[in-house]
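Chemist: Provided below for reference: sequence and predicted model.
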Amino acid sequence: MTELIVARHGETAWNRAEIFRGRSDVDLDETGLQQAELLADYLSGRKIDAVYSSPLQRAVKTARAIASRQNLQVIVSEGLNDFKFGEWEGVPVADVARKYPAAFEQWQTRPDLAKIPGGESLGDVRRRAVALVNEATARDSGTVVFVTHRVVGKLLTLALLGLDDSHFWAIKYDTAAMTTFTLERIGWCLVEHNNTCYLKPLQKPPLRDF
């Protein structure tokens, strides 16, 4: 059976402060490191055949925690890199809303049509992420883990369910959450979404969708 687990990296300080991250290589904070270990512990009893990661450190460190329990090396792939937010990267959401009101409003209402200055489109991200799904699952037919980012996780979920990118805000992806699909005769089947049960020992509520 082919199984795909799409996990979001652990928390960073910019998640908490609601600063657009994108390609900025923001590291995990203390909570994020703990989340990565708890996620890795949760998956340690399952046989995993490959672990792929975005090249950014917040994802790589989360992926390494998972891979280390499996005696695997992390495969770094540009296909899982975060959405390029261009001029918004490193800027708090409130400042973006004030400085780019029209573009920000479109991002909130029709993200599939949004044009972020210096950024990429959701369609760009979707194409590269889906291409990696096809490549990775052709190479490894067992359980494959992708460690990536909120935007990529949302888009992969939509793509594998056959939904278009206009449904972007209908999907939630908490930090260190995992979503699982299995490949069935009819295509990809969603088994679980946004699972964070293993984070309960931290006794912290999830952050807003950012």
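Modeler: Received the coordinates, thanks. Numbers count the residues shown, from 1 in each chain.
Chemist: how about the strands of the protein, start to end?
Modeler: Along the chain, counting by DSSP state E, strands occupy 3-8, 50-53, 74-76, 143-148, 178-184, 187-195.
Chemist: what phi and what psi does the backbone show at the residue nearest the centre of the chain?
Modeler: The centroid of the chain falls nearest to H149 when counting by Cα atoms, centre = their mean (2.7 Å). Note on H149: backbone dihedrals following degrees, to the nearest 10 are phi -120, psi 170.
Chemist: count of neighbours near the residue nearest to it when sequence neighbours are not counted?
Modeler: Leaving aside its chain neighbours, H149 sits nearest to D82 (4.1 Å; criterion: Cβ to Cβ, 6 or more residues apart in numbering). No exception for glycine: its C-beta is placed from N, CA and C like everyone else's. Using other Cβ atoms under 10 Å, D82 is surrounded by 25 other residues.
Chemist: ok, D82 - contacts?
Modeler: For D82, the residues meeting the contact criterion (Cβ atoms under 8 Å, 6 or more residues apart in numbering) are R21, G22, R23, S54, L56, A59, T148, H149, V151, V152.
Chemist: circling back to that earlier point, and the strands of the chain as CSV, adding mean pLDDT?
Modeler: CSV is the format used below for the strands of the chain (pLDDT from 0 to 100):
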stretch, mean pLDDT
strand 3-8, 98
strand 50-53, 98
strand 74-76, 98
strand 143-148, 98
strand 178-184, 97
strand 187-195, 97
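Chemist: ranking these by burial, who's on top?
Modeler: Highest mean neighbour count among these (mean count of other Cβ atoms under 10 Å): strand 143-148, with a mean of 27.
Chemist: and the residue lying closest to I171 once chain neighbours are set aside, what pLDDT?
Modeler: Leaving aside its sequence neighbours, I171 sits nearest to K154 (Cβ to Cβ, 6+ apart; 4.3 Å). K154 carries a pLDDT value of 98.
Chemist: wait, isn't K154 in contact with A177?
Modeler: No - taking contacts as Cβ atoms under 8 Å, K154 lies outside contact range of A177: 11.1 Å.
Chemist: neighbour-wise, which of these two wins?
Modeler: More crowded of K154 and A177, by other Cβ under 10 Å: K154, with 27 against 24.
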